[in-house]
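S.K.: got a structure for you, letters missing:
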């Protein structure tokens, strides 16, 4: 065996045309935890498509390693077989893998296979299950619109969506794309307002350029970082004022620094502010809305409720 005693850790996250899943990366973290605990020097090879600034499999000098460890996923396919050829001098071990075809070269090329599942063997827990604990990250709903053509030349929807999503991509958070549109036939969309409210109430923050994205978030007690996508301000700005909600950014001032300011506020004091506003919507002394004036606007004589508070009794005039 050539080279110094060093381990190269690989997986499907290493291949140029592979993919990095959350489960694979957590499985890797579990393996790294064990290797560090044993004091074993190791490197991790990443796909440049996932980690551009890391060690890449294509750039690795195989002679620098004595062992190759392949983590998680199926031990199957030409990419795995190519590892065996390129690192033929290394001791090669697969850990936490699924063995689909025990006779395939991808499997038989390993000196040892520590399978999570294989025919005729008892399965073992996936490596991701015992990976080191992770710090909490905010869960952020994203509600954006690309429509509203009624605003004509004042529309900045495309620019706002591009700037907001580019900014969000740099935030360490879990992003969840949401839609206020209801659909009883598309499983990806909520079918009722109650379903959407159940989601909004479980979020840490909503980032939106929609009026109802802001209002429904506040109704659920969740802070909303609202952006008005219309130049000069339109209904989003008006509604933020009506609700007394300060976390509003105009299309003309869509700057990362300002977005960062309201992001931080929403995740701290903004939570209590949103809850107070949401509670206020349902209070007996809530600010009046258009429905409070509807009966008078109709100009009709109101019906008198029955004695049991049920069906109204029509008033008969002469």
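M.R.: On my side now, so go ahead. Only a predicted model underlies this, so the values are computations on that prediction, with no experimental measurement involved.
S.K.: poorly predicted segments of the stretch 101-250 of the chain, please.
M.R.: The stretch 101-250 of the chain contains no residues with pLDDT under 70.
S.K.: which strand or helix spans residue 76?
M.R.: Assessed by DSSP states H and E, residue 76 sits outside every helix and strand.
S.K.: quick check, residue 123 in contact with residue 117.
M.R.: Yes - counting by Cβ atoms under 8 Å, residue 117 is a contact partner of residue 123 at 4.4 Å. Quick note: C-beta positions are derived from backbone N, CA and C, even for glycine.
S.K.: tell me the buried residues in stretch 137-148?
M.R.: By neighbour count on 16 or more other Cβ atoms under 10 Å, the buried set for stretch 137-148 is 140, 141, 142, 143, 144, 145, 148.
S.K.: before we move on, what about stretch 162-175?
M.R.: Buried residues in stretch 162-175, counted by 16+ other Cβ under 10 Å: 163, 164, 167, 168, 171, 173.
S.K.: same check, this time on stretch 34-50
M.R.: So for stretch 34-50, counting by 16+ other Cβ under 10 Å, buried means 42, 44, 45, 46, 47, 50.
S.K.: which residues touch that stretch?
M.R.: Contacts to stretch 34-50, defined as Cβ atoms under 8 Å, 6 or more residues apart in numbering, come from residues 5-10, 13-16, 18-20, 28, 32, 54-58, 60, 65, 69.
S.K.: ok, now which ones touch the nearest residue to residue 145 once chain neighbours are set aside?
M.R.: Once flanking residues are discounted, residue 145 sits nearest to residue 210: 5.1 Å by Cβ to Cβ, 6 or more residues apart in numbering. Residues in contact with residue 210 (Cβ under 8 Å, 6+ apart) are 143, 144, 145, 180, 236.
S.K.: helix, strand or coil: sort out residue 194 for me.
M.R.: helix (DSSP: H, G, I helix; E, B strand; the rest coil).
S.K.: that one: neighbour count?
M.R.: Residues lying near residue 194 (other Cβ atoms under 10 Å) number 8.
S.K.: for residue 271, see how far away it is.
M.R.: 22 Å (Cβ to Cβ, to the nearest Å).
S.K.: same question for the strand ranked longest in the chain, mean pLDDT?
M.R.: Ranked by residue count and defined by DSSP state E, the top strand of the chain is strand 91-99. Averaged across strand 91-99, pLDDT comes to 98.
S.K.: with stretch 27-39 instead?
M.R.: According to the model, stretch 27-39 has a mean pLDDT of 98.
S.K.: on that earlier part again, the more surrounded of residue 123 and residue 117?
M.R.: residue 117 (15 against 10).
S.K.: show me what contacts that one?
M.R.: Residue 117 neighbours (Cβ under 8 Å, 6+ apart): 98, 99, 123, 124.
S.K.: test my guess that the last one contacts residue 118.
M.R.: No - Residue 124 sits out of contact with residue 118 when judged by Cβ under 8 Å, with a separation of 10.0 Å.
S.K.: the more surrounded of those two?
M.R.: residue 118 (18 against 14).
S.K.: identify the residues contacting stretch 150-161?
M.R.: Taking Cβ under 8 Å, 6+ apart as the rule, stretch 150-161 contacts 144-149, 209, 227, 229-232, 234, 251, 254.
S.K.: in strands, which of those residues appear?
M.R.: residue 227.
S.K.: so which of the contacts of stretch 150-161 is the closest to residue 284?
M.R.: Taking Cβ to Cβ as the measure, residue 284 sits nearest to residue 234 out of the contacts of stretch 150-161, at 31.1 Å.
S.K.: thinking again about what came up before, just the buried residues of the longest strand of the chain, please?
M.R.: Neighbour count says strand 91-99 has 92, 93, 94, 95, 96, 97, 98, 99 buried, by 16+ other Cβ under 10 Å.
S.K.: stretch 273-288 now?
M.R.: Applying 16+ other Cβ under 10 Å to stretch 273-288 flags 273, 274, 277, 278 as buried.
S.K.: then stretch 99-109?
M.R.: The neighbour-count check on stretch 99-109 (16+ other Cβ under 10 Å) flags 99, 104, 106, 107, 109 as buried.
S.K.: return the member of those nearest to residue 292.
M.R.: When these are compared against residue 292 (criterion: Cβ to Cβ), the nearest one is residue 99, at 68.0 Å.
S.K.: bridge partners for that closest one, pull those for me.
M.R.: residue 118 (DSSP bridges).
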